[in-house]
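In: just need the structure, nothing else, for what follows:
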Amino acid sequence: MKLYFASGNDHKRKEMSRLLGGYELTLPKDEGIAFDPEETGRDFIGNAVIKAEALYALVHAPVLADDSGLCVDALGGGPGIYSARYGEEDGRKLSDREKYMLLLKNLEGAEDRSAHFTTALCLILSDDRRCIIQETCDGWIATEPSGSNGFGYDPVFVIGEIGRITADLPEGEKDIYSHRGKAARLMKLILDKETHDDSKE
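Out: Next up, the predicted model:
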């Protein structure tokens, strides 16, 4: 099955392909398709659906989209759906390090450092067939960064289940606990069934 991935991020494509067990994902830019939908959803599922529908309208083939973010209780659930744009001013995006260092600054003195990652996946197989999965990973924000693996806020997020910073874990171990790993394992069951059923026709 050819599966389009509604993203322009090669790193995210690599991670999602690994999580799905090797499904080859095609980015819009691989085929010269201009793709930059406005993410106006009110939550992660809303944004994942917007991205999936926008790409499906262009390619009319199976499409997978995700929307993920970090929700910090002391920040009222922020940065949430704005995690990728956290601290952005006048159109200038911050680097991953700048974002998580800003987060640490904004949490200085906070007693409650509880947080969770959320991932929403939307799969569109045809006009009338779609699947949505949302998963989370609970934990808290560390007081200083650690580790060199992963990306985004991984250097400051402690996975509650094991009490370790995400960026300190190798990929395989991170996948066991991560929000995206949990969601992708469920999505893989659907893709495997779809591929198996197609092979019998």
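In: distance from the chain centre to stretch 175-186, please.
Out: 10 Å (Cα atoms, centre = their mean, to the nearest Å).
In: avg pLDDT for it?
Out: On average, the pLDDT along stretch 175-186 is 95.
In: contact partners of that stretch?
Out: Applying Cβ atoms under 8 Å, 6 or more residues apart in numbering, the external contacts of stretch 175-186 come out as 15-16, 18-20, 66, 68, 116-121, 133-137, 159, 161-162, 166, 174. C-betas here are computed from N, CA, C, even on glycine.
In: now that we have those, which of them are buried?
Out: Among the contacts of stretch 175-186, the ones that count as buried by 16 or more other Cβ atoms under 10 Å are 15-16, 19-20, 66, 68, 116-121, 133-135, 137, 159, 166, 174.
In: out of those, which sit inside strands?
Out: 66, 68, 116-121, 133-135, 137, 159 (DSSP state E).
In: can you give me the helices for this protein?
Out: Per DSSP state H, the chain carries helices over the ranges 10-19, 44-59, 96-106, 171-177, 179-199.
In: buried ones in the fourth one?
Out: I take that to be helix 171-177. Result for helix 171-177 [16+ other Cβ under 10 Å]: buried residues 173, 174, 175, 177.
In: so the second one makes contact with residue 166?
Out: Yes. Counting by Cβ atoms under 8 Å, residue 174 does reach residue 166; the two are 5.9 Å apart.
In: list the residues that contact both of these two?
Out: By Cβ under 8 Å, 6+ apart, the residues touching both residue 174 and residue 166 are 149, 150, 154.
In: and the gap between the last one and residue 93?
Out: Read it as residue 154. Relative to residue 93, residue 154 is positioned 18 Å away (Cβ to Cβ, to the nearest Å).
In: looking at those two now, which is surrounded by more residues?
Out: When residue 154 is set against residue 93 and neighbours are counted by other Cβ atoms under 10 Å, the residue ahead is residue 154, at 24 against 12.
In: check contacts around that one.
Out: Here residue 154 is in contact with 147, 165, 166, 167, 174 (Cβ under 8 Å, 6+ apart).
In: which one of those residues sits closest to residue 62?
Out: Looking at the contacts of residue 154 and their distance to residue 62, the nearest is residue 174, at 26.6 Å (Cβ to Cβ).
In: for residue 99, see how far away that closest one is.
Out: Look at residue 174 and residue 99: by Cβ to Cβ, they are 19 Å apart.
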